[in-house]
Every structure is written in C-alpha cells, then in structure tokens.
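J.: just need the structure, nothing else, for what follows:
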Amino acid sequence: MELQEEFKVKGYFLQENFLDPQECENLLKSISDYRQQFFIPKIYRDVKPIPLSYSVIDGKAVNSHLPEIKKLYATVNEIINNLTNQPLFPLKDVQVGCNVNITEKGGTYRWHYDRNAVTALLYLNEVEGGEIEFYPNYRIILPKAKFSRFQSFLDQIQQLNLVRSTFGKRIVVKPQPGLLLIMCGEKCLHSVRPVTEACDRISIVMAYDLPNASFAVEGQLNTYLYSSEKVAVSDPNYSQSDH
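T.: Predicted structure coming up:
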C-alpha cells in the first residue's frame, strides 16, 4: 500500500528517527536557553477525566526566538503534503501554528480533537509516562457544524470509555527522541497520559490546514490553550452562540 493510501486508511503516520539524537539535543539546548531567558505560561484547566496541565512556548515566541524550529515547521509541511496529496499550509494564526509543549511530572493533556486538519508531533526526548493515546479516524464530524453544541454533544458521547473501547481502535505511542507522529487532528481523539518521572516531556506540535480554513472558536480557544487566564466558557472548542 502506498504511503498516501495508507495514511488515508489509518489516519496517522509514524516515522522513527526523523531527527537523529544530536539534532534532538541541539533543539533541547535551544529550548532550555529560551526557558532561562523568558517567562513560559503554565496552563492548568481542571477538565474531567484528564486535566490540561502543561507549559507552552507558543508560535509567536517560536517565530521570534527559535528559528531552527520554525524551519522544521516548513520541512514537515512538505512531508504532510506528500502524505495527504493536498496543498496544506501552516495556520494563518501564528500563535497556534507551531508550539513547544513542555509537560512536567504529573502533567497531562486532556482528551480532545484539534481544530485543524492535520497535526504533526515531534518528540525530542524519552520520559517515563507521557504516552500519547489516540483513536485515529474516530470522530463523526457534522458537516458545516464542527464547532457547534451539537458537535460537542456527539464528541462527548464518543469520548466515553465504553464507546471508545467498543468502536475505536486505540493506539499508544511512547515518547522517544526524533519520533515524528502525523495524524488527522480534527478526526483523531487523543490525550497525553501522566508523565511519571522528574524529567520534562518536550515535544514540538505543528498544525496545518487548507489555506481558506477558518475557526469559529479561535479567540477563546487560544486564551484557553496558551495563557493562564480564565475563560468565560466551559469548553472553548465549541461556539457558545448556537441555539
């Protein structure tokens, strides 16, 4: 099966050793230097059953201070376009497009779908715990209503453990240096299990979509994911103006 067809059927793609150990070390050093110089927001949202608990260097900071990661964002874009046979692009919203996620001991990332079509995760180190658990090509997306309350209700049903175990195919991937995971983010239900050792789990998250993509929830969701500020809605992944 050709890679394009395999990706379409499976909904994800894994490549080990996309970066070699030295390249990972170089990026980790750049990230460490940045952390010593600048404040990094720590995000905590008390979501059930898995909280959102991590720190983030957002895309604006990446563009300004981490040029080697910005370059990777463009390189991975070419791989994704070959995989999908579509003209996908970095998100227009720079803050969201390419981030560095840092998950400390005990940190997790809630169950969710991405707002964008395709997401790439590049792992830079190995830690105990911190596995990504995901269900590829799992979501039932309502046409023209991806951010609606109706979609929210359907997503909540699909996230139930009994429903997941009955209808989904669970994949678990352990972080390892240089591992690249590409998935259909808006269709793939995924979360991050707790990190169980003192070493931070560090990954680069890269988001891509069609050039005319728009996101009705952009403002509130950015605040929710990239700052420690309170948000006025219970779940900013969905529009609160639906009736």
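
J.: every contact and neighbour count from this point should use C-alpha atoms.
T.: Fine.

J.: can you tell me the strand partners of the strand or helix carrying residue 181 and which way each runs?
T.: Here residue 181, judged by DSSP states H and E, is contained in strand 180-183. In the sheet, strand 180-183 lines up against strand 12-15 (antiparallel), strand 118-123 (antiparallel) (DSSP bridges).

J.: distance from the chain centre to it, please.
T.: Relative to its parent chain, strand 180-183 has a centroid offset of 10 Å by C-alpha atoms, centre = their mean, to the nearest Å.

J.: quick check: mean pLDDT of that strand?
T.: Averaged across strand 180-183, the pLDDT comes to 98.

J.: direction included, what does whatever helix or strand comes next after that strand pair against?
T.: Downstream of strand 180-183, the first helix or strand assigned by DSSP H and E is strand 189-192. Here strand 189-192 has these sheet partners by DSSP bridges: strand 109-112 (antiparallel), strand 132-135 (antiparallel).

J.: by how many degrees do the lengthiest strand in the chain and strand 118-123 diverge?
T.: Longest strand in the chain by number of residues, with DSSP state E as the criterion: strand 201-209. Counting by axes from the mean of the first three to the mean of the last three C-alpha atoms, to 10 degrees, strand 201-209 lies at 160 degrees to strand 118-123.

J.: so what touches strand 201-209?
T.: With contact meaning C-alpha atoms under 8 Å, 6 or more residues apart in numbering, strand 201-209 is reached by 73, 77, 88-91, 96-104, 116-127, 130, 175, 195.

J.: these in helices, which ones?
T.: Counted as lying in helices by DSSP state H, out of these, are 73, 77, 96-97.

J.: top of those by neighbour count?
T.: The most crowded member of the ones in helices among the contacts of strand 201-209, judged by other C-alpha atoms under 10 Å, is residue 97 (24 neighbours).

J.: can you tell me which residue is nearest the centre of this structure?
T.: Nearest to the geometric centre of the chain sits residue 205, at 5.4 Å (C-alpha atoms, centre = their mean).

J.: how about the longest strand of the chain as PDB, C-alpha atoms only?
T.: Provided in PDB are the C-alpha atoms of strand 201-209 (Å, rounded to 0.1, in the frame of the first residue of the first chain):
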ATOM      1  CA  ARG A 201       8.500  15.700  28.300                       C
ATOM      2  CA  ILE A 202       9.200  18.000  25.400                       C
ATOM      3  CA  SER A 203       7.600  17.900  22.000                       C
ATOM      4  CA  ILE A 204       7.100  20.200  19.100                       C
ATOM      5  CA  VAL A 205       3.500  20.500  17.900                       C
ATOM      6  CA  MET A 206       2.900  21.600  14.300                       C
ATOM      7  CA  ALA A 207      -0.600  22.400  12.800                       C
ATOM      8  CA  TYR A 208      -1.600  22.600   9.100                       C
ATOM      9  CA  ASP A 209      -4.800  23.100   7.200                       C
END
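
J.: show me what secondary structure element comes after that strand.
T.: Toward the C-terminus, strand 201-209 is succeeded by helix 218-226 as the next helix or strand (DSSP H and E).

J.: what is that following helix packed up against?
T.: With contacts taken as 3 or more C-alpha pairs under 8 Å, 6 or more residues apart in numbering; DSSP states H and E, helix 218-226 sits against no other helix or strand.

J.: what's the mean pLDDT across it?
T.: Average pLDDT, helix 218-226: 83.

J.: over to stretch 130-148?
T.: Stretch 130-148 shows a mean pLDDT of 92 in the predicted model.

J.: start and end of that stretch, how far apart?
T.: 30 Å (C-alpha to C-alpha, to the nearest Å).

J.: from the rest of the structure, what touches that stretch?
T.: Contacts of stretch 130-148 (C-alpha under 8 Å, 6+ apart): 10-12, 103, 108, 151, 154-155, 158, 164, 168-175, 183-184, 186-196, 201, 216-217, 237-240, 242.
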